[in-house]
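**Q** have a look at this prediction, sequence included:
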Amino acid sequence: MTSDQIRQTFLDFFKSKGHLIVPSAPLVVKNDPTLMFTNAGMNQFKDYFLGNSTPPSRRIADTQKCLRVSGKHNDLEEVGHDTYHHTMFEMLGNWSFGDYFKKQAIAWSWELLAERYQLDKTRLYATVFEGDASENLPIDQESWDYWKLNLPEAQILKGNKKDNFWEMGETGPCGPCTEIHIDLRTEAEIAAKPGRELVNEGHPQVVEIWNNVFIEFNRLSNGSLEKLPARHVDTGMGFERLCMAMQGKISNYDTDVFSPMIDAMAKECGVKYGENEQIDVALRVLADHIRAICFAVADGQLPGNAKAGYVIRRILRRAIRYYFRYLGQKSPFIYRFVPLLAAQFAGVFPELEAQKAFVSKVVEEEESSFLRTLENGEKRIAQLMAQAKDAGSDLLDGKQAFELYDTFGFPLDLTALIARESGFKLDEAGFEVEMQAQKTRSRKAAETETGDWSVVAEDLESSFVGYDSLVSQTQIVKFRKQTIGKETVIQVVLEQNPFYGESGGQVGDKGKLALKNESGNDLLVLDVLDTKKENELIILICKFHPEAENLLTTCHSAEAKVDNLLRSQTAGNHSATHLLHSALKETLGSHIAQKGSLVAPNQLRFDFSHFSKITDEEMKKIEGRVNQKIRENISLKELRNIPIAEAQKMGATALFGDKYGDFVRVIIFDPAYSMELCGGTHVSQTGEIGWFKLVSESSVAAGVRRIEALTGSGAQNYIDEQLSAIESVSSLLNNPTDIPKAVSALILERDLLAKKVEKADLERKNELKKELMANSKSEGGISKLVAKVSVGSPEILRQLCFEIREEIAPLFMVLAADIEGKPQLAVMLSEDLISSKNLNASQIARELGKEIKGGGGGQPFFATAGGQDISGLDRVLEKANAIL
């Protein structure tokens, strides 16, 4: 079977068992603070397991894009070096939400593997949970007995808690699991050592292919387990490993999932796969990493310097290092293969095919940037090694190596390689000290302690009513305490909730939550500082109060009141982004696609795909079009809970990287102008926006532009500030009739004066040069020039040194200057002094710099230093005079 046939067989099999086949969720996770990326097939179903929402079917199956490169699921450094680890991988899965359990799950696993796929039954092994006395958990005898119906006991193994008890996290749903492993070794290898002895021992040909998790417990924050009211099944089968087994390969990379990409890249590099281990590792790294990079970008995550963006950048830079070092590629390489990858997955993950031009551009620009970093990094390393050599050392400082890594993104292994090739050692221990110090700082800053939910009303469900009302008489469903660093808050879930939870770029609502007694009087009023969404659960973040936990439990009811002003300002900005989106498409072209947004009360920010700077003329046109639609006072048409197929048929705009349910909400401001899928809050008439003003346009990434704008009173205040500034300038210029002309004349006058000053500085420098040369003293055949000088800039000081060096030799010169209140010094040596006297200008500058509370450096023949203590210049001269 081809990989496409293997995948389809899985989906068809479970469809025949009554499962609803659903699409993969995006690789990039939104509205879940515990995850950056989807790292397991079950992620998109967490709300069903947690009871926060109801699944569309009690039986579901899919193939899910997953990424494991951070946290406890971190396979990055193994990728490429072994045969089965990957960054992005597909997880085939089937789920039961309170429906079937162990009996059917195990029977269907066996039917699919042994009967449909016809894998060799003698090579299959099953593991079951052996129990754990510390948790008072018995052996999973039920699973053992079901496996005995299909497998001999020699192929059923007991596994410990680490291997056979699955947990979502430190808290939450969990339960025993049964893994299915396959032995892909040769008959001779099997005869020498049975596969049962190699299960879960890390052998590359004895691998787990499927895990069936039986979720029946909930882990509390105190570590104890409680039984769940309903039992669920969560299974995951590694698609790439299954293909390896089905296609008779000993490596995932030899299957048709990866081989087309490896062959194409090898051909482009003029190498052959399978002849050189280093080249093979590089090709495997590239074939793997291109998938993670491209699908993450297609799902909305651009490379960046923080969080999820940094993870994608790190993967891409790892790939670049491999082709730079081992494949001889010194220019952008990966982006050339985006069309091949897009075509391969067009039938199962079409989002990449739809955006391949955009993704290619982003990847190419990111590659170009890091290749420049590599080039600059090599130069910086050369400087550091030169300084170490000047100091008589062959050790490259670990702190400096960490600076290269942390500030410039220059990888440690490349630093070590360059140092080694130049005869230097790298202080890896010093690097590790700095790395651990940074991790400790980050960990302390991010320490979070979250308590268990205290359920007040177990029979109540939470629903959002904030589209229709900003005030709600409601009940408390549950609450918990959370501490982040030194700040403690109370998180509350309401039955009838008017607060909008941060999502879709729109910030969360703020307001008040009043806890009331039976008479309707206030017991306590909590400030709602923010509102967040965890998956589909809306959580109010309330300011902590000592009485909050007690009163949340005992209060008769609650009144939730959203801050009306903040909500209306936010709604105006959100509606303005829709009008802006359409205006951008009209003005710039249909290729415009939203790539991110921020909708807050005081501003809006809109990121979109476009490959060039927007001209001033285009900006005026876009702003004018949005304001025209505001003046037309178009009424909002809102369609709630309509089938997504119907919305798409209407032509509603959907965003790549967003996951939509079977039913969606459509926001329309004139069907011929703006129609988008959106869960945010909006004005009822566009005239409520008031005024729209663009304030900036910039680039945020390759192929992505950003517009920032203001609306309503914010736009009015901005214009007032601009007019006030113009009036101030006009007043300073004596109120000319033509302000731009007057400013131009002032700039011209300044330029003429600058040229006169430059001429005067040059004349002064020449005079100073003559004075210094006349006052130089000879000591032991060396011309010594140590003096305090008056110059206008560091550049004049540098020119002075180089010009004197051309006319006097051998020369030892130290010049000190007060330049605009800042102490500066320069050291210049003749080449012969460097060798004959073992002098070094860089070392001298650093030493003299201490007298002015500063530092410096440079080359052996010329160096400079700056500092903070102007009074130290005389000490500099005194110290310099003593050197020879």
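**A** That came in fine, so what should we check first?
**Q** low-confidence ranges, the stretch 501-650 of the chain, go.
**A** When residues are selected by pLDDT under 70, none of them lie in the stretch 501-650 of the chain.
**Q** what about the helices in it?
**A** 548-554, 564-588, 616-631, 644-650 (DSSP state H, counting those that start in this stretch).
**Q** by contact count, what packs against the longest one?
**A** In terms of contacts (3 or more Cβ pairs under 8 Å, 6 or more residues apart in numbering; DSSP states H and E), helix 564-588 is packed against strand 594-599, strand 604-609, helix 616-631, strand 663-669, strand 674-677, strand 692-701, strand 704-711, helix 712-732. All C-beta atoms are positioned from the backbone trio N, CA, C, and that covers glycine.
**Q** let's see that with 7 Å instead.
**A** If contacts are counted by 3 or more Cβ pairs under 7 Å, 6 or more residues apart in numbering; DSSP states H and E, helix 564-588 sits against strand 594-599, strand 604-609, helix 616-631, strand 663-669, strand 674-677, strand 704-711.
**Q** could you tell me the end-to-end distance of stretch 498-505?
**A** 18 Å (Cα to Cα, to the nearest Å).
**Q** again but with stretch 231-247, I slipped
**A** Length of stretch 231-247, first residue to last, Cα to Cα: 35 Å.
**Q** next: stretch 539-549.
**A** One end of stretch 539-549 to the other measures 15 Å (Cα to Cα).
**Q** so what touches stretch 852-872?
**A** Here stretch 852-872 makes contact (Cβ atoms under 7 Å, 6 or more residues apart in numbering) with 390, 801, 818, 821-829, 831, 834, 840-842, 844-846, 848-849, 851, 873, 876.
**Q** now the residues you listed: which count as buried?
**A** Buried by 16 or more other Cβ atoms under 10 Å: 390, 801, 823-829, 834, 840-842, 844-846, 848-849, 851, 873, 876, out of these.
**Q** pull the helix or strand with minimum mean pLDDT from this protein.
**A** Counting by mean pLDDT, DSSP states H and E, the chain has its least confident helix or strand at strand 73-74, which shows a mean of 54.
**Q** among the buried ones among the contacts of stretch 852-872, which ones are in helices?
**A** 390, 801, 834, 841-842, 844-846, 848-849, 873, 876 (DSSP state H).
**Q** from memory Leu157 sits against Arg196, does it?
**A** Yes: Leu157 is within contact range of Arg196, at 6.1 Å (criterion: Cβ atoms under 7 Å).
**Q** for those two, indicate the residue with more neighbours.
**A** Neighbours per residue (other Cβ atoms under 10 Å) separate Leu157 from Arg196, with Leu157 holding more: 22 against 15.
**Q** next up, the contacts around the more buried one.
**A** Applying Cβ under 7 Å, 6+ apart, the residues contacting Leu157 are 125, 127, 196, 199.
**Q** confirm the first one sits in a helix?
**A** So that's Tyr125. No: if the criterion is DSSP: H, G, I helix; E, B strand; the rest coil, then Tyr125 is strand and not within a helix.
**Q** kindly state the beta-bridge partners for it.
**A** According to DSSP bridges, His181 are recorded as the beta-bridge partners of Tyr125.
**Q** now it: how far from Tyr322?
**A** According to Cβ to Cβ, to the nearest Å, Tyr125 stands 35 Å off from Tyr322.
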